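K.L.:
missing the sequence, but the structure's below:
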């Protein structure tokens, strides 16, 4: 009696599996070869347990990855770290400024962001004010520096990244950034008030972010080579040699940018009349000053005041985090 019930149960289970298989085939399944393969498996079930037969049929029905589809998409970019360091050589001392901000993208980016293009390079303007040069050295918001590779401008909010941001060189600690309590609109890290920063920026920096709402991240950054201050003398002597030359940084790539801004002013001590010009240049090592600037010198322009700013930006991505480094050298 028990043997008879067990046989019926086996028959019902096999029948149920066969019907399920047929339904799967009719909804876009395999050809007759697949059906015959599974019928053979059913026929062999006398030599296997019903459980084993059911398991093998289920395995055969499991979908496989279609050939030719791309691999899984890379993780979305959700965060951006933005480090800004400026070194200014004044008349009597050297001063270093540094800030860091850590951003969470309002909408994660499907692709890594890109640097916004530098426009109007290798152009000069007569009559420009020194404030324009100061603006070039400003610690600009991250959305003025990078953009989405697909959809243009980005939107972010600043978040905490830990109590302190440590920046070191191979020789040891260089500086520590702390949360700027005076900043009310954004979360910003700055050099602690009262800390004198008059040591040149090392050639290589190691940045350590402990993390909070922003993820933990470390990176290494090679600072650009220093621009020779002799360029200032060359600007004062444009009337004798209109071709300016300097040592360019390593080749610019899609992930790095570098440009120069020069400003020269002349004041007539007798009349008090002030004249000036400004040039925004590709940092490629040479520039020939245009004729209208040369004409200024021919008409008595004397470059009493000369300022030069080199701004270098680099961009990298580690996992879901983009890293933006901005370095400014001014003299």
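P.N.:
On my side now, so go ahead. Small disclaimer: the values here were computed from a predicted structure and weren't measured.

K.L.:
pLDDT value on residue 240, please?
P.N.:
On pLDDT, residue 240 comes in at 94.

K.L.:
May I have the secondary structure class of residue 297?
P.N.:
helix (DSSP: H, G, I helix; E, B strand; the rest coil).

K.L.:
Next, the contact list for the closest residue in space to it that isn't next to it in sequence, please.
P.N.:
Nearest non-adjacent residue to residue 297, counting by Cβ to Cβ, 6 or more residues apart in numbering: residue 239, 3.7 Å away. The way it works is simple: take the backbone N, C-alpha and C, and place the C-beta from them, glycine included. Residue 239 makes contact with 294, 297, 298, according to Cβ atoms under 8 Å, 6 or more residues apart in numbering.

K.L.:
The last one: neighbouring residues, count only.
P.N.:
Put plainly, it is residue 298. Using other Cβ atoms under 10 Å, residue 298 is surrounded by 9 other residues.

K.L.:
Ramachandran coordinates for the closest residue to it other than its chain neighbours?
P.N.:
Once flanking residues are discounted, residue 298 sits nearest to residue 239: 6.7 Å by Cβ to Cβ, 6+ apart. Main-chain dihedrals, residue 239, degrees, to the nearest 10: phi -60, psi -30.

K.L.:
same check, this time on the one 3 residues further on
P.N.:
Main-chain dihedrals, residue 242, degrees, to the nearest 10: phi -80, psi 0.

K.L.:
what's the answer for the one 4 residues further on, then?
P.N.:
Summarising the backbone geometry of residue 246 under the convention degrees, to the nearest 10, its torsions are phi -160, psi 170.

K.L.:
Just checking, which helix or strand of the protein averages the lowest pLDDT?
P.N.:
Across the helices and strands of the chain, mean pLDDT, DSSP states H and E gives its lowest value to helix 2-26, namely a mean of 39.

K.L.:
re earlier: make JSON lines from the contacts of residue 239 and add distance to residue 146 and pLDDT to it.
P.N.:
Supplementary listing: the contacts of residue 239 in JSON lines, determined by distance: Cβ to Cβ, whole Å; pLDDT from 0 to 100:
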{"residue": "294", "distance to residue 146": "37", "pLDDT": "96"}
{"residue": "297", "distance to residue 146": "39", "pLDDT": "95"}
{"residue": "298", "distance to residue 146": "43", "pLDDT": "93"}
